[in-house]
Every structure is written in C-alpha cells, then in structure tokens.
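**Student:** Compute the structure for the input listed below.
(one chain, ligands or ions: 1)
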Amino acid sequence: MEHALEVENLQKSFSNSSFSLKDISFAVPYGSIVGFIGENGAGKTSTMGTILGTLRKDSGYIRAIGEEMSDEKHELKEHIGVVYDSMNFPGNLDMTKLGKVMKHVYKNWNSETYSHYIDVFSLPKKQAIKSFSKGMSMKVSLAVALSHDAKILILDEATAGLDPVAREDILDMFSEFVKDQKRSILLSSHITSDIEKIADQLVFIKKGEIVLRVSTEELLNNYTIVQCEAHDVEAIVEKSISVRKRDNHMVDVLLPYNKELPLQYRKKDFTIDDITLLLMKGDVKREGTLIK
Ligand SMILES: Nc1ncnc2c1ncn2[C@@H]1O[C@H](COP(=O)(O)OP(=O)(O)OP(=O)(O)O)[C@@H](O)[C@H]1O
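**Tutor:** Numbers count the residues shown, from 1 in each chain. Presented below is the predicted three-dimensional model:
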C-alpha cells in the first residue's frame, strides 16, 4: 500500500524539558484516516510539529507524497493542510480578506472551494475573525485547510470546539475527503468516539513512544480485554500488549487475539477509550521492552 505520509525513527528532544520523542515510526496510507491517540503530554502535537517542520527533528525520516520533507521543500507543505486546536490567522481579518491573503500563500488556492466552505460552515464574511467563537475559529482553519488542494490533512484536536451536530458534519467531510484514495488524514483527538467513527488505522503514543499501531477493525474485532486475578496473569502475560493492575487484586490485560480462554479469564466489552486507558495506565510491552 502506498503511503501519503511516512514517519520513520523520528527522534526529538527539547533542551528545556526531559520529554523526548523516541523512535516514532508510522505511516498514513492514501485513502485512510489515521487516528493519533495519547494522553495529555504524550507527544502528539510535538510529532505533528516535527512532521510540519515547525519543530526541528534530531533524527529520522519524514516523507510526504513520496518525497522527503526538508526545510527547503516549501512546495511539499503546499500539499499539507493543517488545523490546530487554536486559530493562527491574524484576528483583524475577516473571511473575505483572509481568502485574499491565502491566495498569495498557496499556489493551488481555490477561491470557489473557500467560498463553498464559508457557506457550508455558515461563517460571516465581514466580521473580524478574532470575534469568532472557538467552534467558528476551528471552522475558519478547516475552510483554509480544505481550500488549497491538500493531499494530506494534519488535524490536531480539530473537532474539540465543535458541537455534536457540527462534529458529525465535519467527520462526514473528512471521510469524503479521503474517499478518492488520493488523499489522507492524520487526526489527533481526545474524543475517541470521533476517532472510532472515522479512523481506519490507529496509532497510540505514550510518553513519546508509539505503543500500538493497529487497524480499527482489527482492534475492535480481534483484540480482547480480559480481567483476571493477579495470580492468573502469568499464563497470558507473554502474549499480552498491556497489563493494568486494578485496586482489588484484579488485572486487566489487552491481548492481540480473540480466542476462547479458560474460565478464570473474563472477557470485557470495550471501546477505544478502554483500550486507551489500558495502554496509558498499564505496563505496555512493545517489541520486548516494557514501557511503564
Ligand atoms: N517547545 C517545547 N519546549 C519544551 N518542551 C516541549 C516543547 N513542546 C512540547 N514540549 C513538551 O513535550 C511534551 C509533549 O507535549 P505535546 O504537546 O506534544 O503533547 P500532546 O500529546 O499533544 O498533549 P495534549 O493532548 O495535551 O495536547 C510535553 O511534556 C511538553 O512539555
């Protein structure tokens, strides 16, 4: 499968913080939406910043639409639409003026598409964007990101300020965006129900490390969370992905299969939220190393 975005062995440390991104590798195939999941401070925004070049990486490779990203390759950034959880445009502009500015920023700027999204999002054209609500501001960023023929959208908490009705419409828009198999989306969100709805691949990050990469279908259909007594965990721990001790001597275990197990292992129904909790709060095994 061809990938719109590839991140390989990405490392990034900060001089003023003990946090680092450790050997981050994942890919975003054409036609897919990849959900990027992790708790506060796990490294999602830093990873996205490093991909976009707003943060300088220490080492590793980042390829977008088949070409290695570098500071010199400005044209590659044309192909990436970005939405953060806050709007980064000059607040004194209104939507019409913003469109005129963006026309000079992006070679492939499409004024008609931009007008279309202004209408779809019911944004006022002649009001300074600094007076917009959080949800409206997010729609401004989305309208811009969707109007320069981007092949990849990088969305960091892009649905956070939206009400459920707007969220549903925008999630549908994202699914539509990748439908022609020529574009793709990397999306981080704490609203895992959104991710569950639209992402076909999931990448979980914990303390700067990728702890699980899996397709949503595989995770929901073939993985299992079992609960057992602490003394029963040894028999399954070898094959487990994450083990979380609960208060009452019980243990939750994430297993990468869904076969019948002896009675002492009780299968639990789960959502992506439950998986996230188990990965973030449990001891995770990743290729033989334990990430506590
Ligand atoms: N410019 C910076 N200088 C120093 N430390 C930084 C810098 N940017 C990020 N960090 C640190 O990197 C870590 C990861 O932050 P990041 O914003 O990537 O997390 P996140 O997963 O996006 O979290 P959230 O869900 O809260 O947005 C944090 O500990 C943060 O303090």
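
**Student:** ok, residue 53 - how many residues close by?
**Tutor:** Using other C-beta atoms under 10 Å, residue 53 is surrounded by 17 other residues. C-beta here means a position set from N, CA and C on the backbone, and glycine is covered the same way.

**Student:** right, and it touches residue 80 too?
**Tutor:** No. With contact defined as C-beta atoms under 8 Å, residue 53 does not count as touching residue 80 (9.8 Å).

**Student:** Which helix or which strand is home to residue 276?
**Tutor:** Using DSSP states H and E, the element containing residue 276 is helix 272-281.

**Student:** and the helix of greatest length in the chain, what does it pack onto?
**Tutor:** Longest helix in the chain by number of residues (criterion: DSSP state H): helix 164-178. Helix 164-178 sits against strand 33-37, helix 134-145, strand 152-156, strand 184-188, helix 192-198, with contacts defined as 3 or more C-beta pairs under 8 Å, 6 or more residues apart in numbering; DSSP states H and E.

**Student:** need the ones you listed in a markdown table with mean neighbour count, can you?
**Tutor:** Converted to a markdown table, the helices and strands packed on helix 164-178 look like this (neighbours: other C-beta atoms under 10 Å):
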| stretch | mean neighbour count |
| --- | --- |
| strand 33-37 | 26 |
| helix 134-145 | 21 |
| strand 152-156 | 23 |
| strand 184-188 | 26 |
| helix 192-198 | 19 |
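
**Student:** Around the ligand, which positions in the stretch 151-292 of the chain sit nearby?
**Tutor:** Residues of the stretch 151-292 of the chain lying close to the ligand (C-beta under 6 Å from any ligand atom): none.

**Student:** low-scoring stretches of the stretch 151-292 of the chain, by residue?
**Tutor:** Within the stretch 151-292 of the chain, the stretches with pLDDT under 70 are 286-292.

**Student:** do that again at 90, thanks
**Tutor:** Along the stretch 151-292 of the chain, the parts satisfying pLDDT under 90 run over 158-163, 165-166, 189-193, 230-239, 246-249, 257-264, 284-292.

**Student:** same thing with the stretch 1-150 of the chain?
**Tutor:** Ranges of the stretch 1-150 of the chain meeting pLDDT under 90: 1-2, 53-54, 66-67, 69-78, 84-88, 134-135.

**Student:** No further queries at this time; thank you.
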